[in-house]
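> Here you go, sequence then predicted model.
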Amino acid sequence: MNNPSRFDEQLRAALAVPAAEPDFVDRLRQQLLAQARRPAPQPAPRPRRWALAGLALLLAVAVLLALGPQRVLAQVLDWLGGYIPGIGFVESEAGLRVLESPVALEREGITLRVEQGLIDANSTRITLYFEGIDPQQWPSDEADAGCLANPYLLTPDGERFESYRGGGGGGPNWRELSMEAPSLPAAVGPVTLVAPCVPGTQEGAAPQDWQLRLNFIPAPEGFEVLPILRLPDSPPATAPAEAGIRLTVNQMVAMQDGYLFPVTFSWADTPYEFVSISQLQLLDGSGNPILFEVDYNNHVSDFENKSETWSIRTQTTQIASPLTFRLPAVSISRQLSLEQRPTIEIDLGDSPQNQQVWQVGETLVVEGHSVEVIEARFVDALDGTFGLQLVLRVDPQQISSAGFVDPDNQSQMLFGGGGGSGDGGLTQLIGYDYRPTGVRRIELSHLEVILSGPWETQVDLPSSAAAGQTESATVDACFGSTNYQQISKPVSAGQLSGTLLIQDFSAGGMLPEIALISLQDGQRRSVATGGWAFLSPDGRQVAYGQDGVRLFEIASGQDRLLLAGNYSPMAWSPDGEQLLLRSQGLSLLDVQTGSLQSLSWSTQDVVGVAGWLPDGEHIVVSRLTRNGTELQAVELSSGVAEHLHTFNNVKGGFATLSPDGQWATYGEQLFGGFNYSLHLVQLPGGTPRVLAESSHQMQFVAGAWMGAEQLLVNVLDVDRSGWLPPLLLNVKDCTLYSLPLPGVQVLGWAP
Amino acid sequence: MLPIDPTIIREAQRDRTRFAAIYDHYAQPLFRFLYSRVGVRPDAEELTAQTFLAALEGLPDYQERGAFGAWLFTIARRKVADHFRRQSRQAAWVADQELESLAAQDPPDQLDLRAALSHLPDAERELLQLRYVAELSFAEMGALLGRSPDAVKKSLYRLQARLQAQLETRDE
């Protein structure tokens, strides 16, 4: 047996995880000290404006992130076996057993379903669903995790097979669980799935002790298990600039509709703790890019051995061989220790003014990398926060971002951020929740250093599938990021009418400025600082959220609080007399009387409101269901819902309803796309089509309908995190217009 | 990691700015523990911040019994459970499974220690993480898990022995 102390060390090494970065430790220490300096113990910071800011930012960021990085701690896969689409990898196809038929059990409105189960030599895998959960059955206290007891399998002789791994997902009223337990012996017969509770629900709020009988039978003839093919090792096609980084592809699965490749990225022979990939490219034999997606369910992170493996899936098998996997560059994050950090000093004086500029002109050098601080600009934001905006220049081939901190920043909530233009110009904002004065010492705390490649590896595709040329994957869209500038027609201000409601983050601060722009003369008028702004149907009022629901009368400039509390406007009624609000659920506010009416039906599972139908009696909402995001027309008085359309968007889809209620736009990813592309569907049940194809760098988002056929489309420059001038699209004939407007985000339009 | 000096706790209860000393003592172990639980650096950072803020605010209510680490990591475990619940995932598959019953299961046929660890039930993996990542003492682990330090020690040793046996069986 191993020496116990040596085994201790092996365990320690096997469980090792990266340390907290000095910059983070430093910042959190400051935040805690600032919190501790408050005179008396108080509840944890109650984010009033911050909460609203968070919500507003969430809206802005949500469109940026699409389906963000989703690390799944998957098992270490044994790639020698087979692959079952929809289930995953199995070690061997011998002795496979499957669930004989789907089973279900309904209790007190909640249904437990098991539709799929598989037993192989290693494990029993079952996916179960709980449907019909009342959102009120989740714990109301965030600190209460709800019921955590795992489902398990019980054999007829009372032996328990515990789940040792699981995962899942869910929506406001359903929960999906995948569980993995030891392999059930073939002779055991039917087993009982026991779920002690509905996972995540408040103890005692939902029925407990669920039992469902499962019968497994040998996998029927023709049960599809795809072989995992070994590929010959191929040497790197190019000698990389940085040794010790490797890209390896030596297995593949040929599916009917594409290939699956486990791709391993390793930096084991480098001194770096972690190396990030920002861009992976697949190129066919002619050098043309191939669309692919990442299967995150088969992602393995092995930080101890400095490697990560992804499963990459293509959309077609018709690819001209060979297939090249290419990493143009990677990056490493360099958190500078306190001793390493070069500093600059800026004297803000006693009363720094908004947009006041200090020319700095200093070059900071650390580890051979230079960061030039050109100037610092003071920001007195409309929401009461302050900032110091640093304008920087770096070598874009070496540095992708640079982080700065003010170690004496006493703000309770530290915020900031930066951006880059890709040509070496960077900005970095240091945020304060008080007006900083006097001499500020600013430290360079972090660098994102680029290591240039490329790193490549090639795969020869099977001769049976190796096509002479790659099947093209074109998207039939009105326009896309590559052609919108060429095909859009200019329109002058005089040709348009009405008023735009916009929001603008460019003034700095955590909350955007809400403003109006006249389309006749382009004049801009500031309304307020806040979020969730909606223009009334007659264009005379703006409802928005800022410490409650506020109403701005455009003619008089009068601004008043309609309702205090944690409410956000969601939509105006067609007659302009009511506002649909959101708090825990939905409610209606009478704008004249201020009376608030909760809706009688359960609304906590509504994730988005697309609009109000012209009849005034129905609203169109989005709900997250097992099948995707579902658009429904819901009768306000009864809650009776009519299905309209289902699409795939984990964030609810950002649907907008046309004024006549006939059409809806929403965001959905195209295969291989990182950002959501803009779609249109006729309601109910129409065939959707793509209005605008987004790219990695540019995203198109519905802004506001302008009548029944015209749609204002917001254009987000993802790299710069800023909005470009919006476009006007005729959704019927795809005519596209460029507007004489600055880069803003359109929220509404009124005649 | 040595347990924190109780006088630091008492001082921090009198003067909140002394909480920095507690933070300095636990920042890295707590972060590492949370990282090992959630596997994503930004999430681990967020949960670390939440845990320390909650500890700072709850410090007046903490009763010093020499188990501050257990108290702090209890907050962290709740934050993790809440995190998974909000992530709409099965909450870390935390279960009160008896280690003995699991020991009777077929040993996983894996190639190395890491693979064997990846096949452990979550409760067992957490036991190892509390010991080898967070570096808590057996007394702190016992207080945290509601068991005696001796029982925790036995469970851990039994688990280690099982893992060693699995690895050596494969080596033969």
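Cool, the structure landed. Numbering: from 1, shown residues only, chains lettered A, B, ... in the order given.

> residues touching A:Tyr567, list them.
When the contact criterion is CB atoms under 8 Å, 6 or more residues apart in numbering or on different chains, the partners of A:Tyr567 are A:Gly545, A:Gly548, A:Val549, A:Leu581, A:Arg582, A:Ser583, A:Ser587, A:Leu589. In short, each C-beta sits where N, CA and C put it, glycine included.

> and the nearest residue in space to A:Asn649 that is not next to it in sequence, what element?
The shortest distance from A:Asn649 to any non-neighbouring residue, by CB to CB, 6 or more residues apart in numbering or on different chains, is to A:Thr629 (4.8 Å). With elements taken from DSSP states H and E, the one containing A:Thr629 is strand A:628-635.

> can you give me the helices in the chain?
Assuming you mean chain A. A:4-14, A:22-36, A:48-65, A:484-487 (DSSP state H).

> that's the other chain; I wanted chain B
So, for chain B - with DSSP H - the helices run B:6-14, B:19-38, B:41-58, B:68-86, B:99-103, B:113-118, B:122-128, B:138-145, B:149-171.

> any idea which of these scores lowest on pLDDT?
Mean pLDDT values for the helices of chain B show the minimum at helix B:99-103, a mean of 24.

> ok, and the closest non-adjacent residue to A:Leu447?
Leaving aside its sequence neighbours, A:Leu447 sits nearest to A:Arg334 (CB to CB, 6+ apart; 4.5 Å).

> ok, that neighbour touching A:Val371?
No: because the distance of 11.6 Å does not satisfy CB atoms under 8 Å, A:Arg334 is recorded as not touching A:Val371.

> Return every residue with contacts to both of the two.
Taking CB under 8 Å, 6+ apart as the contact definition, A:Arg334 and A:Val371 share the neighbouring residues A:Leu447.

> my guess is A:Val25 meets B:Tyr26, correct?
No: the pair A:Val25 and B:Tyr26 fails to qualify as a contact (CB under 8 Å) at a distance of 11.1 Å.

> quick one, which of the two is more surrounded?
B:Tyr26 (23 against 20; other CB atoms under 10 Å in any protein chain shown).

> unless I'm mixing things up, that one is touching B:Gly69, no?
Yes: under the criterion of CB under 8 Å, B:Tyr26 is in contact with B:Gly69, at a separation of 7.2 Å.

> Between the two, which contacts overlap?
Residues touching both B:Tyr26 and B:Gly69 comprise B:Ile4, with contact defined as CB under 8 Å, 6+ apart.

> quick one: contacts for the closest residue in space to A:Val191 that isn't next to it in sequence?
In space, A:Val191 comes closest to A:Leu153 once its chain neighbours are excluded; the distance is 4.8 Å by CB to CB, 6+ apart. Counting by CB under 8 Å, 6+ apart, A:Leu153 touches A:Thr124, A:Ile126, A:Arg160, A:Phe161, A:Ala181, A:Leu184, A:Val191, A:Thr192, A:Leu193, A:Val194, A:Leu214.

> any idea which of those is closest to A:Asn288?
Sorting the contacts of A:Leu153 by distance to A:Asn288 puts A:Ile126 at the head of the list, at 42.0 Å, by CB to CB.

> so what's that closest one closest to, chain neighbours aside?
The spatial neighbour of A:Ile126 that comes closest, neighbours along the chain excluded (CB to CB, 6+ apart), is A:Gly117 at 4.5 Å.

> For the one you found, give me its contacts.
A:Val98, A:Leu99, A:Thr124, A:Arg125, A:Ile126, A:Thr127, A:Leu214, A:Phe216.

> State the pair within the residues you listed that is farthest apart.
Taking CB to CB as the measure, the contacts of A:Gly117 reach their widest spread between A:Thr127 and A:Phe216, a distance of 13.9 Å.

> Nearest to chain A within chain B, name that residue for me.
Residue nearest to chain A within chain B: B:Ala81 (3.3 Å; CB to the nearest CB).

> Just give me the neighbour total for that residue.
Close neighbours of B:Ala81, defined as other CB under 10 Å, add up to 20.

> what's the distance between it and A:Ser163?
If you measure B:Ala81 against A:Ser163 using CB to CB, to the nearest Å, the figure is 17 Å.

> Just the residues contacting stretch A:541-558, thanks.
Contacts with stretch A:541-558, where a contact means CB under 8 Å, 6+ apart, come from A:48-49, A:52, A:55, A:499, A:501, A:511, A:514, A:516, A:527-536, A:539-540, A:559-565, A:567-569, A:572, A:576, A:579, A:581, A:589, A:591.

> Mark which of these are buried, thanks.
Among these, those classed as buried by neighbour count (16 or more other CB atoms under 10 Å in any protein chain shown) are A:49, A:52, A:55, A:499, A:501, A:511, A:514, A:516, A:527-536, A:539, A:562-563, A:567-569, A:572, A:579, A:581, A:589, A:591.

> Take the residues you listed and keep only those in strands.
Judged by DSSP state E, the subset of the buried ones among the contacts of stretch A:541-558 located in strands is A:499, A:501, A:514, A:516, A:527-529, A:531-535, A:562-563, A:568-569, A:572, A:579, A:581, A:589.

> Kindly state the beta-bridge partners for the closest residue to A:Asp504 other than its chain neighbours.
In space, A:Asp504 comes closest to A:Glu513 once its chain neighbours are excluded; the distance is 4.8 Å by CB to CB, 6+ apart. Beta-bridge partners for A:Glu513, by DSSP bridges, are A:Asp504, A:Thr529.
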